[in-house]
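A.B. asks: with the input below, show me the fold.
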Amino acid sequence: MKRILSIILLFVVIAASAQYKVEIDLNNIIDDQVPVIRYPPKMTEASVEYHMAKILPGTYGISDYGRFVTDFKAIDTTGVELSVEKRSTNRWKIDNAPALSYLSYKVHDTFDAFEGYGDNRETVVFEPGGTGLDVERNVYAFNTFGFVGYIKGQIFEPYELTVKHPENLFGGTALESTSRSATEDVFTAEDFNFLADGPIMYCKPDTITKQLAGAEILVSVYSPNNVLSAKDVMDNIGDLMEAQAKYLGGTLPVDRYAYLIYLMDGSSLSGAMGALEHSYSSFYSLPEANAANIGQTVRDVAAHEFLHIVTPLNIHSEQIGEFNYIEPDMSKHLWLYEGVTEYSSMHVQVQYGLYGPEKFLEEITTKLRRAERYSADVSFTEMSEKILDDEYAPMYGNVYQKGALIGMCLDLYLLKYSNGEYDLPKLMQDLSKKYGKSSSFEDDDLFDIITDMTYPEIGEFFSKHVEGTTPLPIQEVLGWVGIDYNETITTKEFSLGQVNLNLNEKREIIVTDISEMNEFGKALDYQSGDIIVSVNSEEFTIATAQQIITNFGSSIEEGDKVTVVVKRDKKGKLKTKKLKTKAFEVERTRNHSLEFNGSPSDEQIALLKAWIVAD
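C.D. replies: Have a look, this model is predicted:
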């Protein structure tokens, strides 16, 4: 997903029609940039503005897609350039608009570095929200909003998108198609919002479709070394999709859904992996690995991204329903959009037996520990509203930690005060029926709306723990279902040394901090800067590391030989070194420990079953 390549886009709009016709020609990528031509309908205003998106729904950081645009021109009916003023990174003003015949410009893709872009990871577009075009490998994966802009005031006009492509490539997408051939596909979208909501991935066909719970599910995979197939992914998520359908009320709330999965065998500019949700699809950028090593990662990410069809796609405030791509007004309800979605992605898996209760507790424990990294002095609603500000942007990761815990607490509150009859999934179903994709709630009203639909105690919970800064009542709510909570616990365990790990620019796993290294790590003699190559002959990569660490703790025995191969800097050169010792347990004190009570009451048992066992 990392080549500086380009693509021809032709925006052709017939004067007699309000429909925008867009042509993307994958056969004519020139100078690593995308030429774009747009023919608008007849303009009546003296001047118009052309916009590229500054930020997208579902993302909570500024992307500024206009910075990838070069050589922007407006041409009149006689072929003469009109006056164009670049008003900001993402806005161009065109004078004498009634004479406008077409707009033309070029666009860099976002997956690759070029002059002025790529040096600072903080300004790199996260790959699932970007554009990547690789002529050498003949794979083209892109979000349409990376190339396609809109004329201010004309965002709701229909679009027809024609993609010309090399033979033997298939374009995986959830966009509606009116025709497909060996070299050209035509897609339609009712407006810019729908077009922007439809990523596309063209590659050598590795695609599978299957009817699941009333919807056509498409999986398209690009694996550069053919390590993972679409069938592997479908086999891995089929039971998850069935479980999600039941979780959402019995059937999937869409008639089609596409998983577009782009695997990388090298580094990425962002240094991250993950996915971006859309109404009918999700776009993934992950390290290449086989099904055995990447399976649970795909399931967890897929569970999260698919459940976004509930929030914010079917339950959202006016800030999202009437999204401003240039000057967005952020909602205060990230706890709902990301937090509840993250919680539900775990909850559905335990409810329908995709993993066990102990694993569920491990996931909750991880959220508790990771949430501690963030300030507890800022309310969640305040953080959400100001998430684009420099002061609050670093807090965003907490939406997946404390946000998920808010979802858990809300679920248990609902179960407690309904005597096990009403829970968070049912609340989400009711809110979806009340609003749906085309209706929005007012941001300031949501807590009152939910309280009116449920119980006064829910309003008090929101006031204290979401709008306020009172710590979440974790011990209390888990006690309702017979789970004992300990703030700290000391155990003896096997570990790989308790060193901090991160990725370097080559996406190798590197030791970044040994300040909290335990006795076993000292016995191995890690050094800061060590690049871990293998553990007991198993290759240690971003795709395998978590599984190796988990297996090490559960399968190693006292006295077993342990060999960790690292690459270590010696006078400016990397030298391979074997670190050897014998396994032994070390004491570890950790915050937050959860375990099921050995003698729960009948009331606790009943509420626990209502919580984690599906009807």
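A.B. asks: please make it C-alpha for all contacts and neighbour counts, starting now.
C.D. replies: OK.
A.B. asks: can you pull the contacts of Ser515?
C.D. replies: Residues in contact with Ser515 (C-alpha atoms under 8 Å, 6 or more residues apart in numbering) are Val499.
A.B. asks: what's the helix or strand for Gly249?
C.D. replies: For Gly249, there is no helix or strand it lies in under DSSP states H and E.
A.B. asks: is it in contact with Leu427, as I believe?
C.D. replies: No - Gly249 is not in contact with Leu427 according to C-alpha atoms under 8 Å; the separation is 11.0 Å.
A.B. asks: okay, and the common contacts of the two?
C.D. replies: Common neighbours of Gly249 and Leu427 (C-alpha under 8 Å, 6+ apart) do not exist.
A.B. asks: the more surrounded of those two?
C.D. replies: Leu427 (16 against 13; other C-alpha atoms under 10 Å).
A.B. asks: what packs against the helix or strand containing that one?
C.D. replies: Using DSSP H and E, Leu427 sits within helix 424-434. Packing partners of helix 424-434 (3 or more C-alpha pairs under 8 Å, 6 or more residues apart in numbering; DSSP states H and E): helix 402-417.
A.B. asks: now the helix it packs on, how far from the chain's geometric center?
C.D. replies: Distance of helix 402-417 from the chain centroid (C-alpha atoms, centre = their mean, to the nearest Å) equals 23 Å.
A.B. asks: who touches it?
C.D. replies: 334-336, 338-344, 364, 367-368, 371, 420-424, 454-455, 457-458, 461, 466, 472-474, 477-478, 480, 607, 610-611.
A.B. asks: could you give the angle of it to helix 424-434?
C.D. replies: Our comparison of helix 402-417 with helix 424-434, counting by axes from the mean of the first three to the mean of the last three C-alpha atoms, to 10 degrees, yields an angle of 100 degrees.
A.B. asks: what comes up buried for helix 402-417?
C.D. replies: For helix 402-417, burial by neighbour count (16 or more other C-alpha atoms under 10 Å) applies to 402-417.
A.B. asks: got it, and stretch 457-472?
C.D. replies: Buried residues in stretch 457-472 (16+ other C-alpha under 10 Å): Ile458, Gly459, Phe461, Phe462, His465, Val466, Glu467, Gly468, Thr469, Leu472.
A.B. asks: now swap in stretch 125-142 and tell me
C.D. replies: Result for stretch 125-142 [16+ other C-alpha under 10 Å]: buried residues 125-135, 139-142.
A.B. asks: got the CA positions of it in CSV?
C.D. replies: Extracted in CSV, the C-alpha atoms of stretch 125-142 (Å, rounded to 0.1, in the frame of the first residue of the first chain):
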residue,chain,number,x,y,z
VAL,A,125,-3.0,9.9,6.6
PHE,A,126,-3.8,6.6,8.4
GLU,A,127,-3.8,4.2,5.5
PRO,A,128,-7.4,2.9,5.8
GLY,A,129,-8.5,6.5,5.3
GLY,A,130,-6.2,7.2,2.3
THR,A,131,-5.3,6.3,-1.2
GLY,A,132,-2.7,3.8,-2.4
LEU,A,133,-1.9,2.9,-6.0
ASP,A,134,0.8,0.4,-6.9
VAL,A,135,1.3,0.0,-10.7
GLU,A,136,4.2,-2.5,-10.2
ARG,A,137,2.1,-4.8,-8.2
ASN,A,138,-1.1,-4.0,-10.1
VAL,A,139,-3.1,-3.1,-7.0
TYR,A,140,-5.2,0.0,-6.5
ALA,A,141,-6.8,0.6,-3.1
PHE,A,142,-8.4,4.0,-2.5
